[in-house]
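Enquirer: Got a sequence here, can you build the structure:
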Amino acid sequence: MAMIRMAFLIGCIITSSAAFSQFNDSTHYLLTYSATGTFNRATEGKSYVLNNALSFDVNKKNISLNSSNNWVYGENNGSLNLNDFNSALNFDINRALRTWYWWGLATYTTSYSLKIHNQFQVGGGLGHNSIRKPNAELVISDGILFEGSNLYQNPETSGSHITIRNSLRVKYRWVIANVLVIGGMHFWQPSLTSISNYIVRSENNLSITISKWLSLTTSVTYNRYNQTNRDNLLINFGATFQRYF
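Expert: I've put the predicted structure just below:
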């Protein structure tokens, strides 16, 4: 399964070419692939983390659609410590036309590090374009998600679970001199039935544009799944490839 995911992600970037534009009346699609990672070798042993992300955006006048897939794999001295996969599909209605808009979301997650066999989320809500400029954006959204998950760790948390969550998201992006891009996305998802059952997801990234289709990227990602009392922190360096068409 790991090799299949890697081949799929690499294959998508190989088939893309070096073209560039922005979303406009004739440009509605964006394909992005990021490959980042870290490697450490010392007398005591070696460790590495590979982070692959593939996304596809469709931007039309009344609706926008985003599909994203992220796979993180890591070993420490030959022992597996990361094998996390997340796939998400979200859509926004009238986001390009209005300050307030509707959104919908569906996600699938499996995570070795967070002790999640399978997790599904589906829901929707209301979003607000707090800042919407060509070089800067700030989006705040909130809504309700239905979640079904299958966990493993100990008798207290193992098995299937169903819950309703509130989902608060803050997303920002800032472009400086068309070269430096600072962005991030942060989620706070508490259960409506248990205050101790919450999810935190936070990602910040910094990109330096090298060409119209290539950027050097560094990212800091933190995940916390309190129901299994597990979290992870990833700091990665690598490259991002993108094509508008």
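Enquirer: Let me see the ranges of the helices in the chain.
Expert: Counting by DSSP state H, one finds helices in the chain at the ranges 2-14.
Enquirer: Would you report the backbone torsion angles of the residue of it positioned farthest from its centre?
Expert: No residue in the chain sits farther from the centre than residue 43, which is 34.4 Å out by C-alpha atoms, centre = their mean. Main-chain torsions, residue 43, degrees, to the nearest 10: phi -60, psi -40.
Enquirer: how much space between it and residue 76?
Expert: With the distance defined as C-beta to C-beta, to the nearest Å, residue 43 ends up 15 Å from residue 76. Any C-beta I mention is one placed from the backbone N, CA and C, and that applies to glycine too.
Enquirer: which ones are touching the residue lying closest to residue 68 once chain neighbours are set aside?
Expert: Closest residue in space to residue 68, ignoring its immediate chain neighbours: residue 55 at 4.1 Å, by C-beta to C-beta, 6 or more residues apart in numbering. For residue 55, the residues meeting the contact criterion (C-beta atoms under 8 Å, 6 or more residues apart in numbering) are 30, 31, 32, 33, 66, 67, 68, 69.
Enquirer: again, but for residue 74
Expert: With contact taken as C-beta under 8 Å, 6+ apart, residue 74 is in contact with 47, 48, 49, 50, 80, 81, 82, 83.
Enquirer: which among these end up buried?
Expert: Burial by neighbour count, 16 or more other C-beta atoms under 10 Å: within those this picks out 47, 49, 50, 82, 83.
Enquirer: Pick the one among those residues closest to residue 168.
Expert: Of all the buried ones among the contacts of residue 74, residue 168 sits closest to residue 82, with 26.3 Å by C-beta to C-beta.
Enquirer: roughly how far apart are the nearest residue to the closest one once chain neighbours are set aside and residue 39?
Expert: In space, and not counting its chain neighbours, residue 82 is closest to residue 74: 3.4 Å by C-beta to C-beta, 6+ apart. As judged by C-beta to C-beta, residue 74 and residue 39 stand 10 Å apart.
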